[in-house]
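Enquirer: take a look and give me a structure for this.
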Amino acid sequence: MTTSVDISLERIAQRYVRQFPDLHGLARQAAGHVLRGHLGYWLDPDSVYWHEFESAATSTLSYTGWCHSQPPHRSMTLTELVIQRFSPAQQTYADELSVYGGFYRVDASQSSYDERNELRLAPQAVLEMFWRLDFAGKYTTLLKTFRTERGDDFCLLARARFLAATASAPLAESERAQVLDATLASTQVPLTLEALQRSRHSVPPSGWGVLTIAGVAARSLFLLTLKTGRYCLYLADERGSVVVLENLRALQAWLQDQVGSKQGRERMMLHFVGGDVLAQALRPRLNKYFKSLVMNADRIRIGSHAIPGDLFEHLRDQAMDELVSNAHERLTSNAELRKAAWLSGLQSAAVIIAPMAPLGWPMALTSLGVGVGTLALHLDRAINGKSAWRAAAWWAVVLDVLFVLLDAALIRTGELFSQSRVPQRVAAQAVTVGDPEWGRYMRPAVDDLLAFSDRALARQESLLVAVPLADEQAVGAAGEYLDAFSEPLAVYRDELGYGSPAIAEYSHSPARYSNLWRGLALEDGLAVCIARSHRLAEALDQIGVHNPLRMYRATSSIRGTGSLAFREGRLGVGDVLVSTEFCSFTDNPYALWEFFNNPQAQVSGREVFDDSAVVYVLEPGEAMQVTPVAPFSTRPDEAESLMMPGRYLQVEQVSAVQGERYRFMEVRLKALSGSPDSGGVHDMRTGEPFDRAALAQQLGGAGDDSLMRRFFPLPT
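Expert: Here you go, the predicted model:
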């Protein structure tokens, strides 16, 4: 582990979370490569479904030649299929895969599966690519590397988290001194980062033990008997607390109280089985003990097993072993598929444990405070959302630990934090603008604009924890960073900051993208322009959508985006718009004045705020449709987010706004999750009725309809 004096606890925590080998995240990355290899472009594998059916009918319209008129009996995303693989029976009878199965862009809730919702993806070709990919082998290698390189980071962070817990524990000073002496190699205050890095030797014994109930050892409950006769119990779960109990009777009563309710029993169960797949077999036995505890605590033996050596090295080894064990249980490797004996074992279980279930939350995160329950406090969609936002929530939890450490008298923060006494999350707090005071924003205000942009940029950066850290040793022939599968990274972070070739190109030369979608003269050939749009969409998809704040978009005829439809009353409340190009939004209302009065407008000599001037205000909501890109942009001061083509928005309010130096139509929008079932749709850029056929011809016609299939699939 790096021990240079310039590294901070904050940076170590960030490094640990960034390099954590997220099984789902890596499988999603691999699945994306499968899609690009066969479709010619990247799609979000979490939105691509493999369905298996019990019957099939022939079809002359579908890609596979088959269609299905009932829900599938088995279904999973392509990401999950990468992890689980096709069964040995399917490997043997691969020619039937496309008869009774197929890839679709809708989940298992539909009643019909045919050419309207299928993907042109041959199951046999995917099966063959899985063999070449051998995801299980690659993930196992990454896991070993993580254990070797980041194992000491785990110990350091776990010690820091323990200190945060003891800071608020009801311990006497002599007890606190004993606890620290039993836990740390050095208790000299103020503590330094170097002290937290050091392991406590086994001599003399620490006194810490693993709590046991009827001989079953817990995974995250640790007991220390104090010289005063009291017990110190450390709960190394997502809450990370220290409980002080007067005696054994008090410990029994505490356990009895914990398992007295259904929710309490499940919380206690997780202390014993955690996310370990194999440990789940202990559940029936533990439930029996818990019931006995409630009826008569004296009938159940409460004890502890001594921990030899360092408490946190024990916790690390346990957490890392769990990762390896779970990977072995969940992943299906090429070698296993070659074993005939494995066939019967697989056929006895319809679905292997889902990788995204709460059960699967790894101890390597929960023992540092990164748990399902805590994530919900930071991000409403943490469990069900994109991997990017789950990782952002992980980082938020780690920062919470650092905030507690700031208040602990034992720690000298200057030794632990690299830049300031307060972690960066303070600067990243979101600033929500209330009802716009347009006179305040529609004016030259460079200082206000930059100050607001700084806050917006920090907020966006706080959401990008899942952006992979580039491996400086993995570089392609053209100098591009490569991922674990030797494919170029669409988005990354290195020592210089955030990077994405596609987003940087868009922010520098947006016309290279918009000309294709607007039917204007192209700078390059059609095929090049189509591929360019696919690359930008891939980068945006990998970041994910997120708009918890009000977003703004300025349009005018000078920029080729204005519309008279609202001024003339042709569009109004209730109408639905669709984006027909990549659309730029900002959460900085001060930037709108600059957008209207850009150099292009000033040299044109035309009226800036003409009848076509519109400010779209996208309200936050469940259907999130924009992607934060400011950290990747050549103009981060614009606090830009991008909306992809094919996104549907409903008009909620239309107002005419006029001031001394400005006038425009303010149009408030609500994002929709998909196209409306009925009613017309209008082009957001022109205000005219949306013409799907005309756009399809403009984007390549029958020669290459990949952009239409990606952004404007046929309704089901």
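Enquirer: contacts and neighbour counts: CA atoms only from here.
Expert: Noted.
Enquirer: low-confidence bits of the protein, can you list those?
Expert: Along the chain, segments meeting pLDDT under 70 span 1-7, 189-190, 202-203, 277, 332-436, 600-605, 702, 715-716.
Enquirer: okay, now the domains of it?
Expert: 140-320+351-365, 438-463+500-711 (automatic domain parsing).
Enquirer: which of the ones you listed sits closest to A30?
Expert: Nearest to A30 among these is domain 438-463+500-711; the distance by C-alpha to C-alpha comes to 12.2 Å.
Enquirer: is it true that T64 touches Y100?
Expert: No - contact criterion C-alpha atoms under 8 Å: T64 and Y100 do not qualify, at 10.1 Å.
Enquirer: can you pull the contacts of Q698?
Expert: Q698 makes contact with 516-517, 519 under the criterion C-alpha atoms under 8 Å, 6 or more residues apart in numbering.
Enquirer: go again with 10 Å.
Expert: Q698 is in contact with 516-520, 526, 692, 705, counting by C-alpha atoms under 10 Å, 6 or more residues apart in numbering.
Enquirer: of T64 and Y100, who's got more company?
Expert: T64 (23 against 18; other C-alpha atoms under 10 Å).
Enquirer: ok, for the more buried one, nearest residue in space, not its chain neighbours?
Expert: Setting aside the residues directly before and after it, T64 is nearest to S98 in space (C-alpha to C-alpha, 6 or more residues apart in numbering), at 6.0 Å.
Enquirer: okay but that neighbour is in contact with A57, surely?
Expert: No - counting by C-alpha atoms under 10 Å, S98 does not reach A57; the two are 11.6 Å apart.
Enquirer: for the residue nearest to D471 when sequence neighbours are not counted, list the residues it contacts.
Expert: Distance criterion C-alpha to C-alpha, 6+ apart; nearest residue to D471, sequence neighbours excluded, is Y481 at 7.0 Å. Going by C-alpha under 10 Å, 6+ apart, Y481 touches 469-475, 487-494, 499.
Enquirer: need the buried ones from those selected in PyMOL.
Expert: This is how PyMOL selects the buried members of the contacts of Y481, with burial counted by 16 or more other C-alpha atoms under 10 Å:
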select buried, resi 469+470+475+487+488+489+490+491+492+493+499
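Enquirer: out of the contacts of Y481, which comes closest to W50?
Expert: E487 (23.9 Å).
Enquirer: from E480, how far off is that closest one?
Expert: Distance from E487 to E480, counting by C-alpha to C-alpha, to the nearest Å: 9 Å.
Enquirer: repeat for V629
Expert: V629 sits 19 Å away from E480, going by C-alpha to C-alpha.
Enquirer: more neighbours, these two?
Expert: Counted by other C-alpha under 10 Å, V629 and E480 do not tie: V629 has more neighbours, with 30 against 16.
Enquirer: for that one, give its distance to M643.
Expert: 10 Å.
Enquirer: with M76 instead?
Expert: Distance from M76 to M643, by C-alpha to C-alpha: 27 Å.
Enquirer: try L714
Expert: L714 is 20 Å from M643, by C-alpha to C-alpha.
Enquirer: higher neighbour count, the two?
Expert: M643 (21 against 12).
Enquirer: so what sits opposite that one in the bridge?
Expert: C583, V626 (DSSP bridges).
Enquirer: could you do L245 as well?
Expert: Judged by DSSP bridges, the bridge partners of L245 are Y231.
Enquirer: is it true that it touches Y234?
Expert: No - applying C-alpha under 10 Å, one finds L245 not in contact with Y234, separated by 11.1 Å.
Enquirer: which of the two has more neighbours?
Expert: Using other C-alpha under 10 Å as the criterion, L245 and Y234 rank with Y234 on top: 22 against 19.
Enquirer: tell me which element that one falls in.
Expert: In the assignment (DSSP states H and E), Y234 maps to strand 231-235.
Enquirer: what's in contact with that strand?
Expert: Contacts of strand 231-235 (C-alpha under 10 Å, 6+ apart): 162, 165-166, 169-171, 175-176, 179, 208-211, 219-226, 240-248, 250-251, 271, 367.
Enquirer: if any of these are buried, give me the PyMOL selection for them.
Expert: Restricted to buried positions by 16+ other C-alpha under 10 Å, the PyMOL selection for those reads:
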select buried, resi 162+165+166+171+175+176+179+208+209+210+211+219+220+221+222+223+224+225+226+240+241+242+243+244+245+247+251+271+367
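Enquirer: joint contacts of S98 and A57?
Expert: Common neighbours of S98 and A57 (C-alpha under 10 Å, 6+ apart) are 65-67.
Enquirer: of the residues you listed, closest to T586?
Expert: Taking C-alpha to C-alpha as the measure, T586 sits nearest to C67 out of the shared contacts of S98 and A57, at 43.6 Å.
Enquirer: quick check: closest non-adjacent residue to that closest one.
Expert: D114 (4.8 Å).
Enquirer: for that neighbour, give its distance to S62.
Expert: D114 is 6 Å from S62, by C-alpha to C-alpha.
Enquirer: okay, the two: which has more neighbours?
Expert: Taking other C-alpha under 10 Å, D114 and S62 do not tie; D114 has more neighbours (21 against 17).
Enquirer: perfect, that will be all.
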